[in-house]
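**Q** Fold the stuff below for me.
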Amino acid sequence: MKCNIISVLFTSFLVVSCAVRLTDNKKTVLKNELAEMVKIDQVAAGMPQGVYKEYTKEQWNNFKDSIFGYWFNIATNTRSFKRKCWQQWTKKLKR
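**A** Numbering: from 1, shown residues only. Sure thing, here's the model as predicted:
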């Protein structure tokens with residue numbers, strides 16, 4: 001039981017210490033960017049429509065690859081960020 005409490009406290013501390021503080025303006029900009037990204041992601045997930053109807057098959061596939069590759073990079077960078085955060089925190093403990 002004591003070990004579980006320590007684990008929860010440790011994890012909470014780690015999350016809070018690596019958190020990024022955002023101003024209200026930055027939060028608004030981020031919300032708008034994410035909303036736009038959702039629209040584009042939905043376009044790439046479906047059949048070509050609108051201006052994308054004119055794309056050749058190769059152009060359409062390149063467009064989809066760029067969108068889904070972007071999400072893959074975000075996921076990879078997030079894992080990398082967590083790993084770096086963990087490494088920095090453990091270095092502080094060793095001092």
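**Q** how about the longest helix anywhere in the chain: buried residues?
**A** Scanning the chain for the helix with the most residues, using DSSP state H, yields helix 57-94. For helix 57-94, the neighbour count (16 or more other CB atoms under 10 Å) marks Trp60, Phe63, Lys64, Ile67 as buried. Placement of C-beta: from N, CA and C, glycine included.
**Q** CSV for those, including pLDDT and distance to Ala45?
**A** Below are the buried residues of helix 57-94 laid out as CSV (pLDDT from 0 to 100; distance: CB to CB, whole Å):
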residue, pLDDT, distance to Ala45
Trp60, 90, 12
Phe63, 88, 12
Lys64, 87, 8
Ile67, 83, 9
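**Q** May I see the residues you listed organised as JSON lines, with distance to Leu34 added?
**A** Formatted as JSON lines, the buried residues of helix 57-94 follow (distance: CB to CB, whole Å):
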{"residue": "Trp60", "distance to Leu34": "24"}
{"residue": "Phe63", "distance to Leu34": "19"}
{"residue": "Lys64", "distance to Leu34": "19"}
{"residue": "Ile67", "distance to Leu34": "14"}
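**Q** and of these, the nearest to Val38?
**A** Ile67 (11.2 Å; CB to CB).
**Q** Brilliant, that's me finished.
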